[in-house]
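Enquirer: Whatever this is, show me its structure:
(chains A and B)
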Protein chains: 2
Amino acid sequence: MKKISGLLMSFALIVSLVAPAANAKTKENNNAFKDKSMHVQIVLFDGFDLLDALAPYEVFGAAGMYSGGAVTIELVSAEGKRSVPSGNGPALEAQAALDPNRSGIILVPGASGKPAGNSEDAIPNILSKAMKTGLPDMLKRAFNNKEVTVATVCGGSLLPAMAGLLKDRHAVTNHMGMAALEAAGAIPVNARVVEDSPRFVSGGGVTSGLDVALYLVERELGPQIANAVEKLFEYEKRGTVWRAEGIVPVDFNTSPTASEQKQPAANSVSAAKQ
Amino acid sequence: MKKISGLLMSFALIVSLVAPAANAKTKENNNAFKDKSMHVQIVLFDGFDLLDALAPYEVFGAAGMYSGGAVTIELVSAEGKRSVPSGNGPALEAQAALDPNRSGIILVPGASGKPAGNSEDAIPNILSKAMKTGLPDMLKRAFNNKEVTVATVCGGSLLPAMAGLLKDRHAVTNHMGMAALEAAGAIPVNARVVEDSPRFVSGGGVTSGLDVALYLVERELGPQIANAVEKLFEYEKRGTVWRAEGIVPVDFNTSPTASEQKQPAANSVSAAKQ
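Expert: Residues are numbered from 1 along each chain as shown, chains lettered A, B, ... in the order given. A predicted model of the protein is given here:
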């Protein structure tokens, strides 16, 4: 016991050294973002992927801790409070019904299962079943609510896509689902995180959920909270969030004369230097 | 519905194009690693961190899918089958009691809570409570079982450390717990994943659980399975796994004459070239 006490005291010592700086920072944030807060609803459906849902959940949770409670999170389902079986492990308890009228973030994870085939546990089947629940209609209402940002992770992008909500909108999903996304009328973008207008943010494969959540924390609460979560998690947000703005890069794959077109500009720079 | 069917057919088409190559690979693996399989027990205790436990869970689960069933996973607790409250979200159901006599991997997550203070939800308190359960004794038996690899994620390293099991062993934990790890007699190593002998593998902060699990999948089932999981998750294993072997790098921080000592060797190379 003596050993353990000593160990914990040592642990407490380290954190007490770190704590004053952290507290000062929190106070500063609370002033600058005084009225800033975010409510996050994470949507569970039968066969959802655990990590798609819980990696963002944990990022938002840590952001709540570091912001002194500026984040609230709920696990929800279209049907309300119930135990929702995941596709790859234990069930999670949804605490309430998804409320598309409530402002904040609504995050939709993907399904977990076999990427191919027609079996009961194949991803296309799981998503197809989710489309037969109240979820598509609720997502439609969420997309129409200007106080809501819908975020998706991995195959989660396919649910609004299948509901016809991503027509001509930029989005990403797991690389294996990109063609399906396009078939549903979305404009697939090869980026880890894609923001289409300020109110739809999608992420690529499973682990991109960390990046989607870190981006939303930065957008809503500022960079210091996102940075504190990164340090705690020993993870750094990956990838530039793609948005339909700024200079569009030359596409060297589809424009064979692109490099020639670029040449005069390069020449004129060196000419100007002479 | 027509839209949805078309979409799913398109999804199925992509995966069917991918499937033959994947199947061939799986068969090859099944031959080369014919009798290879791994059983993973993931240990839950009151206040455990969700992502520490479930990120490895999902890596092992996907490895099981890609290996045609070579991985089995159980959520366990010292007390047996019960609902175990996490420190940062929903409870998870432990399916069975931790069995230190069963060969395979035993993975210990960290706690989730306030990194500082003496409150009920502070990490030192949560770990201290876990030390009063049957867990330390079970971990001791696991360390003594030559058929078991104990793996830890984040603050999970502190549990065997507090049980006196990491004396003079190399280990890592969340950067905030490194001094506590040292105070418990372990040799702290600043690496994302540390392997001490083939039977103890520790990871740093929360997200390093992905890397711990990917490393163990590669070690037990081969690189192709680990690579397939990486592609599915859109994540690449980070960091070289530190082991106490090979050339020890010059420490330029503690050896002020190190750069001078290095000089003659550099000179002799250029002399040989002349």
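Enquirer: ok, and for stretch A:69-80, which residues are buried?
Expert: Neighbour counts over stretch A:69-80 (16 or more other Cβ atoms under 10 Å in any protein chain shown) mark A:A70, A:V71, A:I73, A:E74, A:L75, A:V76, A:S77, A:A78, A:E79 as buried. C-betas here are computed from N, CA, C, even on glycine.
Enquirer: just the residues you listed now: which is nearest chain B?
Expert: A:L75 (6.4 Å; Cβ to the nearest Cβ).
Enquirer: Contacts only, for the most centrally placed residue in chain A.
Expert: Among the residues of chain A, the one closest to the centroid is A:V212, at 2.7 Å (Cα atoms, centre = their mean). The contact partners of A:V212, by Cβ atoms under 8 Å, 6 or more residues apart in numbering or on different chains, come to A:P56, A:L107, A:A151, A:T152, A:V153, A:V193, A:V201, A:S202, A:G203.
Enquirer: same question, A:L127
Expert: A:L127 makes contact with A:A111, A:G155, A:L158, A:L159, A:M162, B:L8, according to Cβ under 8 Å, 6+ apart.
Enquirer: for the host helix or strand of it, which positions count as buried?
Expert: A:L127 belongs to helix A:123-130 when assigned by DSSP states H and E. Across helix A:123-130, burial judged by 16+ other Cβ under 10 Å covers A:I123, A:P124, A:N125, A:I126, A:L127, A:S128, A:A130.
Enquirer: Going along the chain, name the strands of the stretch 151-274 of chain A.
Expert: In the stretch 151-274 of chain A, strands defined by DSSP state E, counting those that start in this stretch lie at A:170-171, A:187-188, A:193-196, A:200-203, A:242-243, listed in chain order.
Enquirer: just the buried residues of stretch A:69-80 that are near chain B?
Expert: Counting by Cβ under 8 Å from any Cβ of the partner chain, A:I73, A:L75 from those sit close to chain B.
Enquirer: could I get the buried residues of stretch A:69-80 as CSV with secondary structure and pLDDT?
Expert: Below are the buried residues of stretch A:69-80 laid out as CSV (DSSP: H, G, I helix; E, B strand; the rest coil; pLDDT from 0 to 100):
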residue, secondary structure, pLDDT
A:A70, coil, 96
A:V71, strand, 97
A:I73, strand, 98
A:E74, strand, 98
A:L75, strand, 98
A:V76, strand, 98
A:S77, strand, 98
A:A78, coil, 98
A:E79, coil, 98
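Enquirer: the helices in chain A, which residues?
Expert: Assigned by DSSP state H, chain A shows helices spanning A:2-32, A:50-66, A:123-130, A:135-144, A:158-162, A:178-183, A:208-221, A:223-233, A:258-273.
Enquirer: Worst mean pLDDT among the ones you listed?
Expert: Among those, helix A:258-273 carries the lowest mean pLDDT, at a mean of 44.
Enquirer: Spit out the contact partners of the nearest residue to A:A191 once chain neighbours are set aside.
Expert: Distances taken as Cβ to Cβ, 6 or more residues apart in numbering or on different chains put A:W242 closest to A:A191, at 3.7 Å, once the chain neighbours are dropped. Listed by Cβ under 8 Å, 6+ apart, the contact partners of A:W242 are A:H170, A:V172, A:V189, A:A191, A:V193, A:V194, A:E195.
Enquirer: coming back round to it: most tightly packed of the strands of the stretch 151-274 of chain A?
Expert: Most buried of the strands of the stretch 151-274 of chain A, by mean neighbour count (mean count of other Cβ atoms under 10 Å in any protein chain shown): strand A:200-203, with a mean of 29.
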